[in-house]
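S.K.: sharing a model that was predicted from the sequence below.
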Amino acid sequence: MTQGASPKYPPRTGGRSQLTTVPKVRLYVEQPEEKQWFVHVGHVTERGRWRTEPHAHPEYGQVIFVRSGRGVMNLEGRNVPFEGPCALLLPTECVHGLNYEYDADRWVVTIEVSYLAQVNARLHEFIALWSTPRVISLVDSEEAGLDVHTLIRSLGQEVESDATGHVVGTEALLTMLLLKLVRETNFDETGGESGTRHDIRVVERFRKLIDEHFRENLPLQEYASRMAISLVQLRAACASASEQSPTKMIHARIITEAKRNLIFGDQSVEQIAFGLGFADAAYFTRFFRREVGQAPSQFRAAARQQQPQKKSSSR
């Protein structure tokens with residue numbers, strides 16, 4: 001393992017073109033420019049089959065409550081089936097596509113990213129909840145499904161209300177909704193509570209910096225300096241809250257982006273390597289093989305074989 005933040009490869013000179021392979025979308029909300037909002041609740045009532053192509057929304061987190069019906073979520077290139085009642089939790093930047101079967105009844109809660117960060121800071125289990133996309137099944141608990149449905153409906157009403165204290169009411173209901181999802185996720189059994197609150201916040205700041213700079217091959221000391229902490233403190237926080245070294249976290253972010261480009265884009269392996277900051281495509285291939293167990297071209301071929309064929313969808 002190197003001391004630098006990302007693999008040792010020579011820096012490239014000159015401008016670096018940004019290669020976009022996954023659509024980055026602003027989510028639809030009613031009157032987005034006329035009314036400032038931080039939470040939006042929508043009830044999707046279209047009947048028929050409904051499909052969205054893989055995309056990401058960097059400015060929002062999203063909870064989709066599927067009250068009834070079923071479908072398949074394309075999650076970072078993997079097909080993940082779901083069946084209502086369940087909650088699909090989609091963090092910011094998560095690449096996902098949704099293929100609902102006929103007449104799925106679903107509610108969509110969209111949360112602006114800076115507001116979501118404020119809410120998450122209230123309980124470290126909230127940060128663990130949003131650390132990865134997930135399907136939270138409520139099939140075995142009719143009461144839990146009813147509770148989530150009631151909370152989301154109440155949240156939607158409060159969001160649209162102009163009554164005194166509606167902002168406080170919105171935050172309270174959103175907090176209750178996330179708390180319900182935390183309890184249904186059973187973090188006690190999965191180890192989601194590891195790490196102190198301080199360590200978790202340090203790691204969240206580190207993840208944000210990684211997202212901004214993972215293509216730049218910054219040394220770990222530079223990350224620590226930008227966070228105004230020592231390298232020892234950074235390593236200790238990552239070990240406590242993420243059970244990964246800082247270097248491993250950066251490598252994982254590079255691999256995530258590489259996989260997205262290989263699955264959803266049409267660039268060559270060399271173009272992908274350059275887009276991720278590698279000057280040497282051969283070194284990128286070795287790095288990818290070491291982390292994933294396959295060469296990039298092998299991974300792309302295998303992943304695309306698993307993708308469903310595109311079909312015209314009817315509503």
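M.R.: Right, received. Where do you want to start?

S.K.: CA atoms of stretch 279-291 as PDB?
M.R.: The C-alpha coordinates for stretch 279-291 follow below in PDB (Å, rounded to 0.1, in the frame of the first residue of the first chain):
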ATOM      1  CA  ALA A 279      -1.500   8.800 -17.500                       C
ATOM      2  CA  ASP A 280      -0.900   5.100 -18.200                       C
ATOM      3  CA  ALA A 281      -3.800   2.900 -19.300                       C
ATOM      4  CA  ALA A 282      -1.700  -0.200 -18.600                       C
ATOM      5  CA  TYR A 283      -1.300   0.900 -15.000                       C
ATOM      6  CA  PHE A 284      -5.000   1.600 -14.800                       C
ATOM      7  CA  THR A 285      -5.700  -2.000 -16.000                       C
ATOM      8  CA  ARG A 286      -3.300  -3.400 -13.400                       C
ATOM      9  CA  PHE A 287      -4.900  -1.300 -10.700                       C
ATOM     10  CA  PHE A 288      -8.400  -2.300 -11.700                       C
ATOM     11  CA  ARG A 289      -7.500  -6.000 -11.900                       C
ATOM     12  CA  ARG A 290      -5.900  -5.900  -8.400                       C
ATOM     13  CA  GLU A 291      -9.000  -4.300  -6.900                       C
END
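
S.K.: what about it, average pLDDT?
M.R.: Mean per-residue pLDDT for stretch 279-291: 93.

S.K.: ok, now stretch 124-136?
M.R.: The model assigns stretch 124-136 a mean pLDDT of 86.

S.K.: pull the residues that contact stretch 162-181.
M.R.: Applying Cβ atoms under 8 Å, 6 or more residues apart in numbering, the external contacts of stretch 162-181 come out as 38-39, 63, 87, 89, 109, 111, 119, 122-123, 126, 129, 136, 144, 147-148, 151-152, 154-155, 158-159, 161. Bear in mind the C-beta positions are built from the backbone N, C-alpha and C, glycine included.

S.K.: buried residues in that stretch?
M.R.: Residues 169-171, 173-174, 177-181 are the ones in stretch 162-181 that count as buried (16 or more other Cβ atoms under 10 Å).

S.K.: one more: stretch 46-58?
M.R.: 49-51, 54-57.

S.K.: any chance of a markdown table for those, columns secondary structure and pLDDT?
M.R.: Output for those, formatted as a markdown table (DSSP: H, G, I helix; E, B strand; the rest coil; pLDDT from 0 to 100):
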| residue | secondary structure | pLDDT |
| --- | --- | --- |
| Arg49 | coil | 74 |
| Trp50 | strand | 82 |
| Arg51 | strand | 83 |
| Pro54 | strand | 85 |
| His55 | strand | 85 |
| Ala56 | strand | 84 |
| His57 | coil | 85 |
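
S.K.: closest to Ala279 out of these?
M.R.: Taking Cβ to Cβ as the measure, Ala279 lies nearest Ala56 of the buried residues of stretch 46-58, at 26.7 Å.

S.K.: pretty sure that closest one sits against Cys94.
M.R.: Yes - contact criterion Cβ atoms under 8 Å: Ala56 and Cys94 qualify, at 6.3 Å.

S.K.: brilliant, that's me finished.
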